[in-house]
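Engineer: Here is my input, please return the structure:
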Amino acid sequence: MLLFPNCKINIGLRVVAKRTDGYHDIETVMYPVRGLCDALEILPDATDDISFTSSGLETGVDPERNICVRAYRAFREACPIGGVRMHLHKTIPMGAGLGGGSADAALTIKGLAELFGVPLTAEQMIRLAAQVGSDVPFFIDGRPTLVTGRGEILAPVAGSPIGHRLVIVKPDESVSTAEAYAGVAPARPESRLGDLFGLPLRQWKGRIVNDFETSVFRIHPTIAAIKEELYRAGALYASMSGSGSAVYGIFEERTPDLPAFEGMFVYQEDMI
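Structural biologist: The predicted structure follows:
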């Protein structure tokens, strides 16, 4: 079985409250990026355990701690399944706020259910995904979604920038989630993000915000400069995704000229 976990961007991200369990309540719209994918192969194995290998971009973690392995162990604890051989080829940049690892975990859960014929509903898979990581539940379905709680409460969202050009830029530097949260003071926003997302795209600037930008931009001026350059290049809306370091711009239906980002990771696609 060969699967292609795709990443996401965050359109707005408000840190609403600190929870007693150590997590934070958030409010964000997660929007799928269809063409920027990892590749995940899952094959049955007679060893009754998991054998995991990876290639492509370095994950920087021991194989046993990889999120795909953790997803397998969580699945196996909930459902009796056999062993597998799993290979992950990483293409989605890490430390970017694009959710590549969460996507890998979600597709692991969906793939295991299909491979072993386990009749899980989408809601059951979402509950299982929430045990693995905060952003993982979104990728079970992967449609534009209003995400609240610590990432496990999902709701449909009205509105979409379909037909526009998405540009994602990531510098060499990365931002850890812990670093991003350390500089944020949780607060409940005056306007609901779901309502703001339904506004015309040209009205998003200044209204739809990412709470992480203030502290991350102060520590990483290169990331702030990318956002400014995307606006100079004609973006209708630009923002850091998640806790960074990737920044995206949404343009009219054209391929913008972006010479300022030479040497950085740049990805473009039409939003669908």
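Engineer: where along the stretch 1-150 of the chain do the helices fall?
Structural biologist: Counting by DSSP state H, counting those that start in this stretch, one finds helices in the stretch 1-150 of the chain at the ranges 67-78, 100-115, 122-132, 138-141.
Engineer: Deepest-packed of those helices, please.
Structural biologist: A comparison of the helices of the stretch 1-150 of the chain by mean neighbour count, using mean count of other Cβ atoms under 10 Å, puts helix 100-115 on top with a mean of 25. To be clear about C-beta, it is placed using only N, CA and C from the backbone, and glycine gets the same treatment.
Engineer: For that helix, output the C-alpha coordinates as PDB.
Structural biologist: Presented in PDB, the C-alpha positions along helix 100-115 are these (Å, rounded to 0.1, in the frame of the first residue of the first chain):
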ATOM      1  CA  GLY A 100       3.800  17.000   7.700                       C
ATOM      2  CA  GLY A 101       4.400  14.700  10.600                       C
ATOM      3  CA  SER A 102       0.700  14.900  11.600                       C
ATOM      4  CA  ALA A 103      -0.300  14.000   8.100                       C
ATOM      5  CA  ASP A 104       2.000  11.000   8.100                       C
ATOM      6  CA  ALA A 105       0.400   9.800  11.400                       C
ATOM      7  CA  ALA A 106      -3.100  10.300  10.100                       C
ATOM      8  CA  LEU A 107      -2.400   8.400   6.900                       C
ATOM      9  CA  THR A 108      -0.800   5.600   8.900                       C
ATOM     10  CA  ILE A 109      -4.100   5.200  10.800                       C
ATOM     11  CA  LYS A 110      -6.200   5.200   7.600                       C
ATOM     12  CA  GLY A 111      -3.800   2.900   5.900                       C
ATOM     13  CA  LEU A 112      -3.700   0.400   8.700                       C
ATOM     14  CA  ALA A 113      -7.500   0.300   8.900                       C
ATOM     15  CA  GLU A 114      -7.700  -0.400   5.200                       C
ATOM     16  CA  LEU A 115      -4.800  -2.900   5.100                       C
END
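Engineer: other SSEs contacting it?
Structural biologist: Counting contacts by 3 or more Cβ pairs under 8 Å, 6 or more residues apart in numbering; DSSP states H and E, helix 100-115 is packed against strand 2-3, strand 6-18, strand 39-45, helix 67-78, strand 83-90, helix 122-132, helix 138-141.
Engineer: what pairs with the fifth one, and is each one parallel or antiparallel?
Structural biologist: What it means is strand 83-90. The pairing partners recorded for strand 83-90 under DSSP bridges are strand 39-45 (antiparallel), strand 50-56 (parallel).
Engineer: could the helices and strands packed on helix 100-115 go into CSV alongside distance to residue 220?
Structural biologist: Conversion of the helices and strands packed on helix 100-115 to CSV gives the following (distance: least, Cβ to Cβ, whole Å):
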stretch, distance to residue 220
strand 2-3, 33
strand 6-18, 16
strand 39-45, 30
helix 67-78, 24
strand 83-90, 22
helix 122-132, 28
helix 138-141, 25
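Engineer: okay but residue 45 is in contact with residue 82, surely?
Structural biologist: Yes. Contact criterion Cβ atoms under 8 Å: residue 45 and residue 82 qualify, at 7.3 Å.
Engineer: By mean pLDDT, flag the weakest helix or strand of the protein.
Structural biologist: Taking mean pLDDT, DSSP states H and E as the measure, the helix or strand of the chain with the lowest value is helix 177-182, at a mean of 83.
Engineer: Going by neighbour count, which residues in it are buried?
Structural biologist: By neighbour count on 16 or more other Cβ atoms under 10 Å, the buried set for helix 177-182 is 179, 180, 181.
Engineer: Would you mind confirming that residue 66 makes contact with residue 88?
Structural biologist: Yes. Counting by Cβ under 8 Å, residue 66 does reach residue 88; the two are 7.2 Å apart.
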